[in-house]
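K.L.:
coords below, sequence missing:
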């Protein structure tokens, strides 16, 4: 009996495991390994941070669904991978052989790279996990009672900027609703060379749109920001110029701070020789397969993608839902080709679509393909983006509970942003 193992039960892991189960023969075992028994819809975390969603609305217990859809499931995680032998050891000590391994582990949050950062023993909050978002909501309610300066942004090396923009603009909206906005100065602090860069060199007119939105809402910003450390109530920031020289230093007071950290790879994955880059992200070829270990594929945030351009402060490349679905479909099609004894022929499109809710409206960033020159390259704002993100949440949670391999972006989101369906490329 053949076995394909998928590590990680996020957007990528769930998409690929369901599609594999539907398309591989029944006698081919499909197994899912995760560090717990839950699926977390991470894009909803900013809503949780403002009390617009609860944990129960965005988290799904996978046990009944993996059983229902005939997917073997281990919720103890992966302790070690022996790639040459095509074996892995789970967190509970079981050694399992595999024919194919699909790595969808997502990121580890590298708060430790900036002293004082992070909610666990640090001085800043995060929306990168459900638990962090719940803590941010508790801190937000305290802020309403004790108003003071707020800092929001993305630390050096961050590769996920959408949630930072989503959070700061939603925060401004909700503070107005609570009638305390005039008591709370807001500063956006980012490693990007300009607001709206997004790790993508800008998308359409994103720079002008974001600057306009910040000015309209009275939000100050600092770009090319390198945060040295956080202390209780103070952020110590260096602002660099285009030559990466320190141009200004800032000591920014805050009552509340929310920062997106840089990411790193999962330890068990990073420990495999020649599988990952120095940051612990899986190296893949044009078919989403690792060039050293032909039985290992990878999709999602754990994949190594080089920065688009050199910037004064390092910024990473985002991996959005649309891109992730393209990666997972590519992996499934290429595994099917290998099982038929054929050459692999499917390549991901690597397009980027980011939907950011902003309280009373939202912004959509569309880059097709991600790297210039692009066929589609624009940013748009409106209430329709808010509805599109709700649709994404609704239908992905439906996908988890109903075991469907239907790509959510292709079916529901592309229509909302006025784009024709874009599928992975064949020869």
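P.N.:
Perfect, I can see it now. Only a predicted model underlies this, so the values are computations on that prediction, with no experimental measurement involved. Residues are numbered from 1 along each chain as shown.
K.L.:
drop to CA atoms for contacts and neighbour counts, all remaining ones
P.N.:
Will do.
K.L.:
quick one: the helices in this structure?
P.N.:
Taking DSSP state H, the helices of the chain run over residues 11-23, 45-48, 55-58, 63-68, 130-145, 162-177, 206-217, 267-270, 321-339, 383-402, 408, 414-416.
K.L.:
how many other residues sit next to residue 395?
P.N.:
18 (other C-alpha atoms under 10 Å).
K.L.:
again with residue 242
P.N.:
12.
K.L.:
List the contacts of it.
P.N.:
311, 312 (C-alpha atoms under 8 Å, 6 or more residues apart in numbering).
K.L.:
Just want the phi and psi numbers for it.
P.N.:
The phi/psi pair for residue 242 (degrees, to the nearest 10) reads phi -70, psi -20.
K.L.:
any chance of the helices of the chain in CSV, plus mean pLDDT?
P.N.:
Listed next are these as CSV, based on pLDDT from 0 to 100:
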stretch, mean pLDDT
helix 11-23, 97
helix 45-48, 97
helix 55-58, 97
helix 63-68, 98
helix 130-145, 98
helix 162-177, 97
helix 206-217, 96
helix 267-270, 96
helix 321-339, 94
helix 383-402, 90
helix 408, 73
helix 414-416, 61
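K.L.:
Out of those helices, which is closest to residue 309?
P.N.:
Go through these one by one with C-alpha to C-alpha and the one that ends up closest to residue 309 is helix 206-217, at 16.3 Å.
K.L.:
Show me which residues of the closest one are buried.
P.N.:
206, 207, 209, 210, 211, 214 (16 or more other C-alpha atoms under 10 Å).
K.L.:
Stretch 257-264 too?
P.N.:
257, 258, 259, 260, 261, 262, 263, 264.
K.L.:
Check stretch 232-252 too.
P.N.:
Applying 16+ other C-alpha under 10 Å to stretch 232-252 flags 233, 234, 235, 237, 238, 239, 240, 241, 252 as buried.
K.L.:
end-to-end on it?
P.N.:
11 Å (C-alpha to C-alpha, to the nearest Å).
K.L.:
could you give me the average pLDDT of it?
P.N.:
For stretch 232-252, mean pLDDT rounds to 97.
K.L.:
Stretch 287-302 too?
P.N.:
Rounded mean pLDDT across stretch 287-302 is 98.
K.L.:
Now find how far off-centre it is within its chain.
P.N.:
The chain centre lies 18 Å from the centre of stretch 287-302; the measure is C-alpha atoms, centre = their mean, to the nearest Å.
K.L.:
residues near the nearest residue to residue 167 once chain neighbours are set aside, how many?
P.N.:
Leaving aside its sequence neighbours, residue 167 sits nearest to residue 46 (C-alpha to C-alpha, 6 or more residues apart in numbering; 6.1 Å). Close neighbours of residue 46, defined as other C-alpha under 10 Å, add up to 30.
K.L.:
contacting residues around residue 46?
P.N.:
127, 133, 163, 166, 167 are the contacts of residue 46 under C-alpha under 8 Å, 6+ apart.
K.L.:
same question, residue 158
P.N.:
Residue 158 makes contacts with 191, 260, 261, 262, 263, 314, 315, 316, as judged by C-alpha under 8 Å, 6+ apart.
K.L.:
related to what we said a few turns ago, columns neighbour count and distance to residue 35 on top of the contacts of residue 46, output as CSV?
P.N.:
Listed next are these as CSV, based on neighbours: other C-alpha atoms under 10 Å; distance: C-alpha to C-alpha, whole Å:
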residue, neighbour count, distance to residue 35
127, 26, 19
133, 27, 19
163, 24, 24
166, 19, 28
167, 26, 27
